[in-house]
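**Student:** this is a predicted model, with the sequence first.
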Amino acid sequence: MRIEKDSMGEMSVPDDALWGASTQRAVLNFPISSLRFSKSYVSALGIIKKAAALGNTSLGLMDKAKCDAIAKACDEVISGELYRHFVLDIFQTGSGTSTNMNANEVICNRAIEIMGGAKGAKNLLHPNDHVNMSQSSNDVIPTAIHIAAGEAIEGHLIPALKNLEKTLSKKAEEFKGVLKSGRTHLQDATPITLGQEFSGYAAQIHYGIERLKRAQESLKELPLGGTAVGTGLNTHPEFPGRAISEINKMTKMKYVEARNHFEAQGTKDACAELSGQLRVIAISLMKIANDLRWLASGPRCGLGEIGLPEIQPGSSIMPAKVNPVMCESMMMVAAHVMGNDAAVAICAQHGNFELNVMMPALAHNLLESIDVMGSACNVFVDKCVSGITANTEKCLEYAEKSLSTVTSLAPVIGYDKAAQLAKTAYKEDKTVRQVAREMKVLEEKELSKLLDLLNMTKPGL
């Protein structure tokens, strides 16, 4: 152990640890869970600290030697090389001050080593005076949420959703000639093609991507530069612009300074907006996965309209049973994202006056949703959607048996007579076509035209 000091006095810190006294206090104060800030979030902190050092140096507020050492240490944070030194629990101080100081101390001590000094040598470099220069936990922590979320959406979630959309669209094209019965209220309805059904699923994902992109625009406003309460105290007026310019160089994004720093720090509305859009996408994924497992139900006593890839045994007691496990996995991910959104909404409400005080939990839930949803979509494509097959014969059989095909006759023979025909068909276990012929409600040519199942799937025909 070594001794490090902060404003409250001395603390014993493990010799190999890069963190200092402030972080060690938080380690002891918050032994709550096994949850830690993600690598993507810690990387975002490294990006901010490096950008701040470069911005401060360009303004003549920090000498180049200190800046170079801080920047090199930040590169190691960004790459994940120093991730093991970010040891604090998610359930900590609501501003995330403990984690901001964790970053300041780790970067400071590593930079001191780079400069040839020993950890804790604050005469060379100070975590507050230098690494945290022109910043506050109150603008750094929310800025890191925006950057980490933006990077994860752009690099992980949107590509995964596009992959799913593309695969569903291919299936829609593949199944465009497969006639089947539609279903409303879980009851037989007029005919549809399996391709049309899958086109709806593809459209859900397409619209989800559009929703994400709209939410991304709100994330592009960064709180950095507001310091403690949004006034920018202890910060050069040009600092936010210069630091954000450096962030954009590193991330290849187009972040801008918040138009109103009091809104940016006192609320987390942009994060709540994003989480809400993630919830909508989760609802879409739940619907799609649930539909697919119902369509594949059976193989003999269910619908059996499609086949899902068989990837593992489904029962420890029933031989040869295979379950729709990928659909179930996706449904659980969707439920988890919806739960995370509820937590984000509660956290976002606690913007008490000039500062939100539930940011660590908000960050964890938001970033976790992006991560698990993206991974789930890619796995769902690879192990389920890409291998779906159609049971064309079964689909056609259901379409022909559907009593709702009588709908196309109603405009010609009247609603009441059509209803009587359908009830007779059900009672006698016959198709609408059979009973209509027996009742001679129409000439065969007109009847065949009206009961053309494929035409029923085409609006206006």
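**Tutor:** Nice, I can see it. Quick caveat: nothing in here was measured; it's all calculated off a predicted structure.
**Student:** ok, Ala258 - contacts?
**Tutor:** Going by C-beta atoms under 8 Å, 6 or more residues apart in numbering, Ala258 touches Glu221, Leu222, Pro223, Gly225, Gly226, Ala264. All C-beta spots, glycine's among them, are computed from the backbone N, C-alpha and C.
**Student:** how close does the closest residue to the third one other than its chain neighbours get to Lys220?
**Tutor:** When you say that, I think you mean Pro223. Distance criterion C-beta to C-beta, 6 or more residues apart in numbering; nearest residue to Pro223, sequence neighbours excluded, is Ala264 at 3.8 Å. Distance from Ala264 to Lys220, counting by C-beta to C-beta, to the nearest Å: 12 Å.
**Student:** these two: who's more crowded?
**Tutor:** Between Ala264 and Lys220, Ala264 has the larger neighbour count (other C-beta atoms under 10 Å), namely 25 against 16.
**Student:** wait, doesn't that one sit right on Pro142?
**Tutor:** Yes - here Ala264 lies in contact with Pro142, judged by C-beta atoms under 8 Å, at a distance of 6.8 Å.
**Student:** residues shared between the contacts of those two?
**Tutor:** Shared contacts of Ala264 and Pro142, defined by C-beta under 8 Å, 6+ apart, comprise Pro223.
**Student:** backbone dihedrals for Val13, both of them.
**Tutor:** phi -120, psi 140 (degrees, to the nearest 10).
**Student:** which strand residues bridge it?
**Tutor:** Per DSSP bridges, the residues bridged to Val13 are Arg2.
**Student:** do a quick rundown of the strands in the stretch 301-450 of the chain.
**Tutor:** 306-307, 351-352, 355-356, 389-390 (DSSP state E, counting those that start in this stretch).
**Student:** would you mind finding the most buried of the ones you listed?
**Tutor:** Ranked by mean neighbour count under mean count of other C-beta atoms under 10 Å, the strands of the stretch 301-450 of the chain are led by strand 355-356, which reaches a mean of 24.
**Student:** just send the contacts of Ala258 back as TSV, with distance to Lys49 too.
**Tutor:** As requested, the contacts of Ala258 are exported to TSV (distance: C-beta to C-beta, whole Å):
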residue	distance to Lys49
Glu221	20
Leu222	14
Pro223	15
Gly225	14
Gly226	17
Ala264	19
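**Student:** thought Glu305 was touching Ile388?
**Tutor:** No - if you go by C-beta under 8 Å, Glu305 and Ile388 don't touch, sitting 10.4 Å apart.
**Student:** mind checking which of these two has more residues around it?
**Tutor:** Legend: neighbour count by other C-beta under 10 Å for Glu305 and Ile388, higher for Glu305 (23 against 20).
**Student:** which of the strands of the stretch 301-450 of the chain comes out lowest on mean pLDDT?
**Tutor:** Between those, the lowest average pLDDT goes to strand 351-352, which shows a mean of 94.
**Student:** quick one on the thing from earlier: for the strands of the stretch 301-450 of the chain, give me TSV that also has distance to Thr167.
**Tutor:** Listed next are the strands of the stretch 301-450 of the chain as TSV, based on distance: least, C-beta to C-beta, whole Å:
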stretch	distance to Thr167
strand 306-307	14
strand 351-352	40
strand 355-356	39
strand 389-390	14
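**Student:** which intervals of the chain have sub-threshold pLDDT?
**Tutor:** 460-461 (pLDDT under 70).
**Student:** Pro313: how many residues sit nearby?
**Tutor:** 13.
**Student:** where does it fall, phi/psi-wise?
**Tutor:** Taking degrees, to the nearest 10, you get phi -60, psi 150 for the backbone angles of Pro313.
**Student:** thought Lys321 was touching it, still the case?
**Tutor:** Yes - assessed by C-beta under 8 Å, Pro313 is found in contact with Lys321 at 7.1 Å.
**Student:** so where do the helices sit in the stretch 251-400 of the chain?
**Tutor:** Taking DSSP state H, counting those that start in this stretch, the helices of the stretch 251-400 of the chain run over residues 261-266, 269-295, 325-348, 359-383, 392-401.
**Student:** Throw those helices into CSV and include distance to Val432, thanks.
**Tutor:** Shown next, in CSV, are these (distance: least, C-beta to C-beta, whole Å):
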stretch, distance to Val432
helix 261-266, 61
helix 269-295, 23
helix 325-348, 32
helix 359-383, 37
helix 392-401, 9
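**Student:** quick one, domains of this protein?
**Tutor:** Using automatic domain parsing, the domains assigned to the chain come out as 2-133, 139-224+260-392, 402-456.
**Student:** identify whichever of those domains lies nearest to Ala243.
**Tutor:** Across the domains of the chain, the minimum distance to Ala243, taken as C-beta to C-beta, is reached by domain 2-133, at 3.7 Å.
**Student:** those helices in the stretch 1-150 of the chain, which residues are they?
**Tutor:** 21-29, 39-58, 64-79, 97-114, 137-152.
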